[in-house]
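**Q** sequence and predicted structure are below.
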Amino acid sequence: MYDNIQENCAEGFAMQERINGLKQLLQAGQPGIGIWCSLATALTTEVVAGAGADWILIDGEHSPNDLRSIVAQLQAAGAYPTCEPAVRLPSDDANLIKQMMDGGARSLMVPNVRTADQARAIVAAMSYAPQGMRGFSVGHRANAFGRIKNYHATAREQQLLAVQIECETGVANAAEIAAVPGVDVLFVGPGDLSTNMGVMGNPSAPHVQAAIQSVLDAARGQGKAAGILAPQQADAERYLQAGFTMVAVGSDLGLLARGSDDLVARFKAR
Ligand SMILES: O=C(O)C(=O)C[C@H](O)[C@@H](O)CO
């Protein structure tokens, strides 16, 4: 017993990486209900992470976020370990992927993925050699500053990659993209997809709905999950019923903006 204590003291306190509950849900075909976080502050993200959702999305594409603000939100969300904080990167840049992952982001969303080769490059950027080319650092927030002893060997197990399908090329290649090892979710970006299909911001258009269905079919055909952002309850329920499982059902921005609009309107004519 004394030797163990001595050994542990010598090695420092050893930890295990937390299980990615969202990845478990999606791999079991179960829905994961999420909330989009666009307000780019640790406080608002902490408020949302405490709501009981299965995941949140910290948006690095359309929100005034940078590496530091995203790490601060990851720290804030850490108070609620049953809520997985996914981070959307602004692009598929391998260096950004490295920085975000070292900062503790292990569930990533990458916008506008169009080909299987692009998806393979993203998976490689998330993976250490020999599977990939993620730069090695001995200690960072991702491995609890060196306290998760086996992190580098097991990191891939808890990683989740959601690639966004947001244009007709991505839709056409969706099955090939879904087949790429390491891709876990085909995530539809309804705003960009409808815009790129000629009906800006209108994913309800029949030809866009057909494209969304084909992405769902492609994902499920490869045994992968499909996801979407659906801030209208009726849409979210319909997509969940259809088989989407990674579904964002609202956003901090929408809740605050519409909620404050409605509150003022109850007391003041606009
Ligand atoms: O294309 C989309 O829609 C998305 O990817 C989601 C938006 O970018 C999100 O910021 C809500 O507008």
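**A** In hand now; what should we look at?

**Q** where in the protein is pLDDT low?
**A** 1-13 (pLDDT under 70).

**Q** that one: helices as residue ranges?
**A** 2-11, 21-27, 42-49, 67-77, 94-102, 116-126, 151-154, 168-172, 174-178, 190-196, 206-221, 233-242, 252-265 (DSSP state H).

**Q** quick one, which of these gets closest to the ligand.
**A** Relative to the ligand, the nearest member of those by C-beta to the nearest ligand atom is helix 190-196, separated by 2.8 Å. Using the backbone N, CA and C atoms, a C-beta is placed for each residue, glycine as well.

**Q** pull up the residues of this structure that are close to the ligand.
**A** Proximity of the chain to the ligand, by C-beta under 6 Å from any ligand atom, involves residues 59, 62, 164, 166, 189-192, 229.

**Q** now these: which count as buried?
**A** Buried members of those, counted by 16 or more other C-beta atoms under 10 Å: 59, 164, 166, 189-190, 192, 229.

**Q** dump the helices of the chain into CSV; add distance to L108 as well.
**A** CSV is the format used below for these (distance: least, C-beta to C-beta, whole Å):
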stretch, distance to L108
helix 2-11, 30
helix 21-27, 12
helix 42-49, 16
helix 67-77, 11
helix 94-102, 7
helix 116-126, 7
helix 151-154, 17
helix 168-172, 17
helix 174-178, 15
helix 190-196, 18
helix 206-221, 17
helix 233-242, 21
helix 252-265, 20
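
**Q** tell me the most buried of the ones you listed?
**A** Ranked by mean neighbour count, the helices of the chain are led by helix 174-178 with a mean of 23 (mean count of other C-beta atoms under 10 Å).

**Q** only alpha carbons, please: show it as PDB.
**A** Extracted in PDB, the C-alpha atoms of helix 174-178 (Å, rounded to 0.1, in the frame of the first residue of the first chain):
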ATOM      1  CA  ALA A 174     -22.800  12.400 -48.800                       C
ATOM      2  CA  ALA A 175     -22.600   8.600 -48.900                       C
ATOM      3  CA  GLU A 176     -18.900   8.600 -49.700                       C
ATOM      4  CA  ILE A 177     -18.300  11.200 -46.900                       C
ATOM      5  CA  ALA A 178     -20.300   9.200 -44.400                       C
END
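
**Q** how much space separates A226 from L216?
**A** 5 Å (C-beta to C-beta, to the nearest Å).

**Q** mutual contacts of the two, please.
**A** Common neighbours of A226 and L216, counting by C-beta atoms under 8 Å, 6 or more residues apart in numbering, are 186, 243-244.

**Q** can you pick the most crowded of these?
**A** Counting by other C-beta atoms under 10 Å, L186 has the largest number of neighbours within the shared contacts of A226 and L216, with 30 neighbours.

**Q** surely that one is in contact with V163?
**A** Yes - taking C-beta atoms under 8 Å as the definition, L186 is a contact partner of V163 at 6.4 Å.

**Q** show me the common contact partners of those two, please.
**A** Joint contacts of L186 and V163 (C-beta under 8 Å, 6+ apart) are I177.

**Q** make CSV out of the buried ones among the residues of the chain next to the ligand and add distance to L67.
**A** CSV is the format used below for these (distance: C-beta to C-beta, whole Å):
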residue, distance to L67
D59, 14
Q164, 20
E166, 23
G189, 22
P190, 27
D192, 24
L229, 23
